[in-house]
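> generate coordinates for the sequence data below:
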Amino acid sequence: MMIFQRRLFSAALMLVVVLVITLHSSGVIAGVTASETVASISPGGAIEKGDSLSWNGKSKKMFDNIVKAAPFFVRSKVESRMTKEIKRRNLSVVTESELKKIVSAVTPSLFLSSTLTAMNKA
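I've put the predicted structure just below:
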């Protein structure tokens with residue numbers, strides 16, 4: 001019985017992954033608009049659903065790349081620090097140049113080059 005449950009769970013998980021990849025590649029869940037309501041990428045992240053920020057250019061994709069490039073166990077901390085800095089600066093529109101300044105301010109110098117590399121992949 002236990003083996004059956006494991007196989008059923010594995011099959012269901014594979015189905016979900018295939019569905020997400022299909023939707024992402026078709027553009028249903030891909031793409032970023034200039035102004036959107038954002039939701040947290042990682043559990044416990046600082047941007048709550050409903051916070052409205054405007055993202056200019058590729059700044060939203062850059063933000064997401066930075067968070068996704070961080071190890072899973074610090075993603076919420078990375079997202080939280082950047083979001084707090086955005087709020088501290090009272091930015092209503094996040095531009096690429098402002099995001100670079102924020103990253104430089106909140107990222108430890110040891111990880112700055114890898115963070116900037118991830119950001120520039122947007």
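> so Asn90, which state does it fall into?
coil (DSSP: H, G, I helix; E, B strand; the rest coil).
> how close does it sit to Glu98?
Going from Asn90 to Glu98 by C-beta to C-beta, to the nearest Å gives 11 Å. Heads up, the C-betas are built off the backbone N, CA and C, glycines and all.
> ok, those two, which is more surrounded?
Glu98 (16 against 6; other C-beta atoms under 10 Å).
> secondary structure element for that one?
Taking DSSP states H and E as the definition, Glu98 sits inside helix 96-106.
> flag every buried residue along the next helix or strand after that helix.
The first helix or strand that comes after helix 96-106 along the chain, using DSSP H and E, is helix 112-119. Buried residues in helix 112-119, counting neighbours by 16 or more other C-beta atoms under 10 Å, are found at Thr115, Ala118, Met119.
> what is helix 112-119 packed up against?
Judged by 3 or more C-beta pairs under 8 Å, 6 or more residues apart in numbering; DSSP states H and E, helix 112-119 is in contact with helix 59-69, helix 96-106.
> now do it against helix 59-69, angle only.
Going by axes from the mean of the first three to the mean of the last three C-alpha atoms, to 10 degrees, helix 112-119 is angled at 120 degrees with respect to helix 59-69.
> mind listing what Ser104 touches?
Counting by C-beta atoms under 8 Å, 6 or more residues apart in numbering, Ser104 touches Leu112.
> which one of the helices and strands packed on helix 112-119 lies nearest to Arg75?
When the helices and strands packed on helix 112-119 are compared by C-beta to C-beta, helix 59-69 sits nearest Arg75, at 5.6 Å.
> restrict that closest one to CA atoms and write it as CSV.
Written as CSV, here are the backbone C-alpha positions of helix 59-69 (Å, rounded to 0.1, in the frame of the first residue of the first chain):
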residue,chain,number,x,y,z
SER,A,59,13.4,45.6,-13.3
LYS,A,60,10.8,43.0,-12.2
LYS,A,61,12.5,40.3,-14.1
MET,A,62,15.9,41.4,-12.6
PHE,A,63,14.3,41.3,-9.1
ASP,A,64,12.9,37.8,-9.7
ASN,A,65,16.3,36.6,-11.1
ILE,A,66,18.1,37.8,-8.0
VAL,A,67,15.7,36.0,-5.7
LYS,A,68,15.7,32.8,-7.8
ALA,A,69,19.5,32.8,-8.0
